[in-house]
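1. sequence-free structure coming up:
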DNA sequence: TTCTATACATAGAAACCTTATGTGTCAACG
DNA sequence: CGTTGACACATAAGGTTTCTATGTATAGAA
């Protein structure tokens, strides 16, 4: 069922994955990464070199807020939570993703090129 | 039905669009761009600054071959056609894309994070 | 004659991911 | 008791790919 090796990420898809994962409640970065890997069925791997800068970026945009706290194992970690603005952005990005997937499907599923406008 | 303004492309998705469009037969660059825009329902726009370098790149990899010829309107244009290697690559990239979409759907459609391995 | 579409091309910039590296803690295994 | 692996964070360097802007040139339409 799950893939042999996780895919590399498509650029631009990480943000929506992070926002979605945090929409269920606050998590620290490392847990977000693990959740995405597991939820995706081991198909999506978030490298730490992409993860932490992305979380900071989203915080800088006001989509996330962060605070330090202890994990279940009593370890210090920086937790992130979705802001109301982040939730709106999540909806936007999900909609855009679905639109993109549909558009790709139209091309990849077509049986020939369209060379001119039709009526 | 078609969108108000075409989306910007997600990095990494242009190649498969080009290969797919050329899988129906040779076309010149400008026609490829137009075909993608129309086939996608005006949701995908291929900027020329991405188009021509991408076609050269794919040719450099052996996925495309090119030649100069006249269009229907008797204008000089560089036509590209899929090589056998390009067709194999197309199949690969379509498979990868579908896998990616499925993985994204698992995350975006989930109702909670997965915090640990199961069973 | 000016605008739009056709048709190509490239340079510069920006964005974002991967790889590599670094710190430090903690539990488990041998 | 030492090493390995998971946890948890972070950043620098590098590469790829796209967007924006610009340039050339032809041709039909307004």
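-> All right, it came through fine. Predicted model only: the values in this text are computed from it and were never measured.

2. contacting residues for residue A:32?
-> A:18, A:21-22, A:46, A:51, A:55, A:80 (C-beta atoms under 8 Å, 6 or more residues apart in numbering or on different chains). Just so you know, the C-beta spots here come from the backbone N, C-alpha and C atoms, and that holds for glycine as well.

3. which one (most neighbours) among those?
-> residue A:18 (29 neighbours; other C-beta atoms under 10 Å in any protein chain shown).

4. from DNA strand C, how far off is it?
-> The spacing between residue A:18 and DNA strand C, counted by C-beta to the nearest atom of the strand, to the nearest Å, is 9 Å.

5. for that residue, helix, strand, or coil?
-> Three-state assignment for residue A:18 (DSSP: H, G, I helix; E, B strand; the rest coil): helix.

6. biggest helix in chain A by residues?
-> Counting residues, the longest helix in chain A under DSSP state H turns out to be helix A:84-108.

7. taking the contacts of residue A:32 one by one, which sit in strands?
-> Among the contacts of residue A:32, DSSP state E puts residue A:80 in strands.

8. can you tell me which of the contacts of residue A:32 is nearest residue A:28?
-> residue A:80 (7.1 Å; C-beta to C-beta).

9. what residues does chain A have near DNA strand C?
-> Residues of chain A lying close to DNA strand C (C-beta under 7 Å from any atom of the strand) are A:8-15, A:45-50, A:53-54, A:57, A:75.

10. in helices only, show me the residues you listed.
-> A:14-15, A:48-50, A:53-54, A:57.

11. out of those residues, which is most surrounded?
-> Neighbour max across these (other C-beta under 10 Å) = residue A:14, 21 neighbours.

12. my guess is that residue contacts residue A:46, does it?
-> Yes. If you go by C-beta atoms under 8 Å, residue A:14 and residue A:46 touch, sitting 6.8 Å apart.

13. any idea how far residue A:15 is from the closest residue to DNA strand C within chain A?
-> Nearest residue of chain A to DNA strand C (C-beta to the nearest atom of the strand) works out as residue A:49 at 1.9 Å. Separation of residue A:49 from residue A:15 (C-beta to C-beta, to the nearest Å): 16 Å.

14. that older thread, tell me which other helices or strands the longest helix of chain A touches.
-> helix A:14-22, helix B:14-22, helix B:29-39, helix B:84-108 (3 or more C-beta pairs under 8 Å, 6 or more residues apart in numbering or on different chains; DSSP states H and E).

15. okay, those helices in TSV with distance to DNA strand D next?
-> Shown next, in TSV, are those (distance: least, C-beta to the nearest atom of the strand, whole Å):
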stretch	distance to DNA strand D
helix A:14-22	12
helix B:14-22	3
helix B:29-39	10
helix B:84-108	11
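
16. mind putting these into JSON lines with mean pLDDT?
-> Listed next are those as JSON lines, based on pLDDT from 0 to 100:
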{"stretch": "helix A:14-22", "mean pLDDT": "98"}
{"stretch": "helix B:14-22", "mean pLDDT": "98"}
{"stretch": "helix B:29-39", "mean pLDDT": "96"}
{"stretch": "helix B:84-108", "mean pLDDT": "97"}
